[in-house]
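[1] Here is a sequence together with a model predicted from it:
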Amino acid sequence: MKRFTIVDKDPKIIQEVRTICEEYFGFHYIEFCINSDEEILNQFLKHAPDLIFIDLDNTLKDTTVFFLNILQCFPTLPIFIGLSFTKEKAFEAFQFEMSGFLLKPLNELNIRKSMMKYQKKVDKAFENIICLKSHKDYHYLAVDDILYLEADNNTTDFYLLGGKKISAYKTLKTFEQKLPENFLRIHKSYIINSLYVSRINYTRKKCSLRDLSYNIPFTRTFIDNICKINENLSLKAQLVF
């Protein structure tokens, strides 16, 4: 269950946001003490909420110092939505890399719109992650880190940036149907991430991938995919003959 908190001194605002987040989006509310900036920061680090609504008017003693600390402490910035009675604070929210801004007094429509934008952002992030499951072992991979896949009987080996290899107990065809369109099959045993292709040699029927010291073979059966990769790369490159 996703967790959220509201850093604001106005109980009416807290209740308005809570009602929508809890009843309609199924979030779990974490109540924070807001006696000092240090205490708020400590609770952020302790509870790590997924979404934070934060007042930019008078709740924080020093907003700039507070967010500098946030940027230093979190490897990935939590999703913040700033709250204020003045539009000028929207620029401040932008400076602090917040994901959204709501003008007070709040209304139900704007809160819902912010939540939908948040959900869309989260869904997009998870589009780039796949899970390889084996019994009770769950392995999560960033799609952008995958160089190529190789079939090994009824299993598939994933070769990643940095030289790491991970095996999955499913066939290559299973992943061919699930991966993004930049992953193309070029051989009965290989699917490559076309974004990493650095060379195509039609004579030797080999593909070179960036960060890989050896070549991947392709066959005539999948020549259409090779031509598609070559065409896409040619459109982005400056050709020199």
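    Thanks, I have it.

[2] Doesn't Leu41 lie inside a helix?
    Yes: according to DSSP: H, G, I helix; E, B strand; the rest coil, the state of Leu41 is that of a helix.

[3] Distance check, Ile192 against Arg185.
    Here Ile192 is placed at a distance of 8 Å from Arg185 (Cβ to Cβ, to the nearest Å). Every C-beta, even on glycine, is put in place using the N, C-alpha and C of the backbone.

[4] low pLDDT regions in this protein?
    Low-confidence regions of the chain, defined by pLDDT under 70, span residues 1, 75-76, 122-127, 237-241.

[5] Which of the helices or strands spans Leu83?
    Using DSSP states H and E, the element containing Leu83 is strand 79-84.

[6] Just checking: what are the partner strands of that strand?
    strand 51-55 (parallel), strand 100-103 (parallel) (DSSP bridges).

[7] hmm, who's touching the first one?
    By that I understand strand 51-55. 2-10, 13, 17, 21, 27, 44, 60, 78-84, 102, 118 (Cβ atoms under 8 Å, 6 or more residues apart in numbering).

[8] So what's the residue count around Ile229?
    Applying other Cβ atoms under 10 Å, we find 20 residues neighbouring Ile229.

[9] Roughly how far does the closest residue to it other than its chain neighbours sit from Leu179?
    With sequence-adjacent residues excluded and distances taken as Cβ to Cβ, 6 or more residues apart in numbering, Ile229 is closest to Ser194, at 4.5 Å. In this structure, Ser194 and Leu179 are 11 Å apart, going by Cβ to Cβ.

[10] need the longest helix for this protein.
    Across the chain, the helix with the greatest residue count (assigned by DSSP state H) is helix 108-127.

[11] Off-centre distance for that one?
    Between the centre of helix 108-127 and the centre of its chain there are 13 Å (Cα atoms, centre = their mean, to the nearest Å).

[12] after it, next one along is what?
    Secondary structure here is assigned by DSSP H and E; on that basis, the next helix or strand after helix 108-127 toward the C-terminus is strand 129-134.

[13] contact partners of that next one?
    Counting by Cβ under 8 Å, 6+ apart, Tyr138, His139, Tyr140, Leu141, Ala142, Val143, Phe158, Ile166, Ala168, Tyr169, Lys178, Leu179 sit against strand 129-134.

[14] Then stretch 71-79?
    The contact list for stretch 71-79, computed with Cβ under 8 Å, 6+ apart, reads 41, 44-45, 48-52, 70, 97, 99, 118, 121.

[15] Many thanks, I have nothing further to ask.
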